[in-house]
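In: Below is the sequence, then the predicted model.
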Amino acid sequence: MYQIQSQELRTLTTAHLAQTMSLLALNIEELGEKIHSLLAKNPALELEESRRCPQCLRPLRGNGPCPVCSHPTGSNDEPVVFISHRWDIPERAFTGGSISPDEAPGLDEYVSEERSLALYILQQIAPALAPAERPLAAHILTSLDEDGLLSIPPLEVARYHHVLPSRVESVLHRIQRCDPPGVGASTPREALLIQLEILGESREVPPLARRAIEEHLEHLGRYQVHELSLALGISEAEGAALVRFIRENLNPYPARAHWGDWHHGAPAAAPVYRRPDALIRLASPNNPDSPLVVEILSPLRGQLRLNPLFRRALAEMEDARRPAWQKDLERARLLIKSLGQRNQALAQLLRYLARKQRRFILQGDLYLTPLTRAQVAAFLGVHESTVSRAVAGKTVQLPNRRIIPLERFFDRSLPVRAALRSIVAQEEKPLSDSQLANRLKTLGYPIARRTVAKYRQMEGILPARLRHGIASHI
């Protein structure tokens, strides 16, 4: 009997843990769907529609959160964390309320859509185009092949729109100097020459590079260093260095180069954040030193409980049918218990994050404290996978009503990217990635130039040559 009892205990514990972890990984929308699905399948489960606090189960009168659980403890450093019904939150409390333009979420907070090369380039040159030039740009961009080369002659565009060829050449010239450079060239050789010209504006290029591209492109394409060196009258070492420079910095097929967030592997679409899993606000909105209040939202309009009629019927049921009904009752009891532990795990996590990241919550990305899931797990005394499940897919609404993914609390790049945005906003003339890296180093962010380029693309900041080009046309 002892062995049987022990086995049953391990099975129950495993089922309980698995159910809790499964619920913890769901966001508020998914959790609501899951619970309502189980309500429809399990007669032992019931949703009591009386208003009770999901945390302490006290009856609630009127609207608003539980007056006991939501009451500050008196310490400004200790956040107030409690659970409330989603339906008790007024509509104006969400992002749809009245907020200033500076507080409004950016476009990247809502959706990130896949961009074609044509759209990516059009977004770069649109501010510099006159209204009459936009149809010309659209015609050119929609005529690019998969390598980014122009598949029709510019004269055909001019004839179609009944404009002078010089108008088309002017628009084409701007397109060819966008990111990626060389797009819109008619041949790979022309694309390389355009890229070489643009590269020469910011750094020194080998003096024979242009001649090598114009006259000996076949040697470059086949990596024939010996033949190229003989044709240019230079040593093989110089020829190898020249070929290496061209291969590392130029691309005869511009569309195959790295360009934009989409080409770097960003997701085709991101979820639209309409309802957060938790709200964070100040206890006293006019007092920035008041404690933070974290309100974890429950998707239910009421309280889950065991169906009393089902339990009464089970007691009176014949022995043959009782085991099946008993299993339904155990599943319902397990769900209620697991749901309570999910809420407790989320409350512990958000209490810690609100305490640790208070400055980030109130003042912005620049003040994020570097933090890892492993550190949080060690502090809370749980496994790292538990923290990962609690974070995945969840969103929170900050006091300024921005809705952000909970994962952002662990994004170490945020302070660096905020500093990068500030530097670019204040620059008198466009700074190169190397210059930006030096500026960031003086601010205490020693990162490589390639990392600056990565963060610049993540923030939607154009390269220096394109920022200079747009600024000169405004």
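Out: Noted; the coordinates are in hand. Residues are numbered from 1 along each chain as shown.
In: Flag the shaky bits of the protein, pLDDT-wise.
Out: For the chain, the stretches flagged by pLDDT under 70 are 1-13, 50-76, 87-115, 257-274, 466-474.
In: Relative to residue 154, how far out is residue 130?
Out: The spacing between residue 130 and residue 154, counted by CB to CB, to the nearest Å, is 18 Å. Backbone N, C-alpha and C define where each C-beta goes, glycine included.
In: Next secondary structure after the longest helix along the chain?
Out: Counting residues, the longest helix in the chain under DSSP state H turns out to be helix 322-356. Next along the chain after helix 322-356, taking DSSP states H and E as the criterion, comes helix 358-363.
In: Can you give me the buried ones in the next helix or strand after that next one?
Out: Proceeding N to C from helix 358-363, the next assigned helix or strand is helix 373-380, under DSSP H and E. By 16 or more other CB atoms under 10 Å, the buried positions in helix 373-380 come out as 373, 376-377, 380.
In: I'd like the distance from helix 373-380 to the chain centre, please.
Out: 23 Å (CA atoms, centre = their mean, to the nearest Å).
In: Let me know the angle separating it from helix 322-356.
Out: When axes from the mean of the first three to the mean of the last three CA atoms, to 10 degrees is applied, the directions of helix 373-380 and helix 322-356 differ by 100 degrees.
In: Return the list of helices and strands in contact with helix 373-380.
Out: Judged by 3 or more CB pairs under 8 Å, 6 or more residues apart in numbering; DSSP states H and E, helix 373-380 is in contact with helix 322-356, helix 384-391.
In: Report the inter-axis angle for that helix versus helix 384-391.
Out: Using the same axes, to 10 degrees: helix 373-380 against helix 384-391 is 100 degrees.
In: Alpha carbons only: can I get helix 373-380 in CSV?
Out: Taking Å, rounded to 0.1, in the frame of the first residue of the first chain, the C-alpha atoms of helix 373-380 are listed here in CSV:
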residue,chain,number,x,y,z
ARG,A,373,16.4,35.2,-16.7
ALA,A,374,19.0,33.1,-14.8
GLN,A,375,19.5,35.9,-12.3
VAL,A,376,15.8,36.3,-11.7
ALA,A,377,15.4,32.5,-11.3
ALA,A,378,18.2,32.3,-8.8
PHE,A,379,16.6,35.2,-6.7
LEU,A,380,13.1,33.7,-6.8
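In: and the buried residues of helix 373-380 as JSON lines, adding distance to residue 454?
Out: JSON lines is the format used below for the buried residues of helix 373-380 (distance: CB to CB, whole Å):
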{"residue": "373", "distance to residue 454": "22"}
{"residue": "376", "distance to residue 454": "26"}
{"residue": "377", "distance to residue 454": "28"}
{"residue": "380", "distance to residue 454": "32"}
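In: Of the residues you listed, just say which sits nearest to residue 432.
Out: Residue 432 has its nearest neighbour among the buried residues of helix 373-380 in residue 373, at 35.4 Å by CB to CB.
In: My understanding was that the closest one contacts residue 387; is that so?
Out: Yes: Residue 373 lies in contact with residue 387 (CB atoms under 8 Å); the separation is 4.5 Å.
In: Okay, helices next: where are they in the stretch 101-250 of the chain?
Out: With DSSP state H, counting those that start in this stretch as the criterion, the stretch 101-250 of the chain has helices at 107-110, 117-125, 134-141, 154-161, 165-176, 188-200, 209-215, 217-221, 225-232, 236-249.
In: and of these, who's closest to residue 342?
Out: Closest to residue 342 of the helices of the stretch 101-250 of the chain is helix 107-110 (CB to CB; 25.7 Å).
In: now what about the helix or strand containing residue 29, what contacts it?
Out: Using DSSP H and E, residue 29 falls within helix 28-41. Defining contact as CB atoms under 8 Å, 6 or more residues apart in numbering, one finds that helix 28-41 is touched by 23, 26, 45-47, 86, 275-277, 297-300, 304, 331, 335, 339, 393.
In: what comes up buried for it?
Out: By 16+ other CB under 10 Å, the buried positions in helix 28-41 come out as 28, 31-32, 34-35, 39.
In: Return the member of those residues nearest to residue 169.
Out: Among the buried residues of helix 28-41, and counting by CB to CB, the member closest to residue 169 is residue 28, at 55.5 Å.
In: Name the nearest residue to residue 253, sequence neighbours excluded.
Out: Using CB to CB, 6 or more residues apart in numbering and skipping residues adjacent in sequence, the residue nearest residue 253 is residue 147, 3.9 Å away.
In: what's the neighbour count on the one you found?
Out: Per other CB atoms under 10 Å, the neighbour tally for residue 147 reads 16.
In: tell me the phi and psi of it?
Out: Backbone geometry at residue 147, expressed as degrees, to the nearest 10, gives phi -90, psi 0.
In: Surely it is in contact with residue 251?
Out: No: using CB under 8 Å, residue 147 makes no contact with residue 251, being 9.6 Å away.
In: Right, I'll call it a day here.
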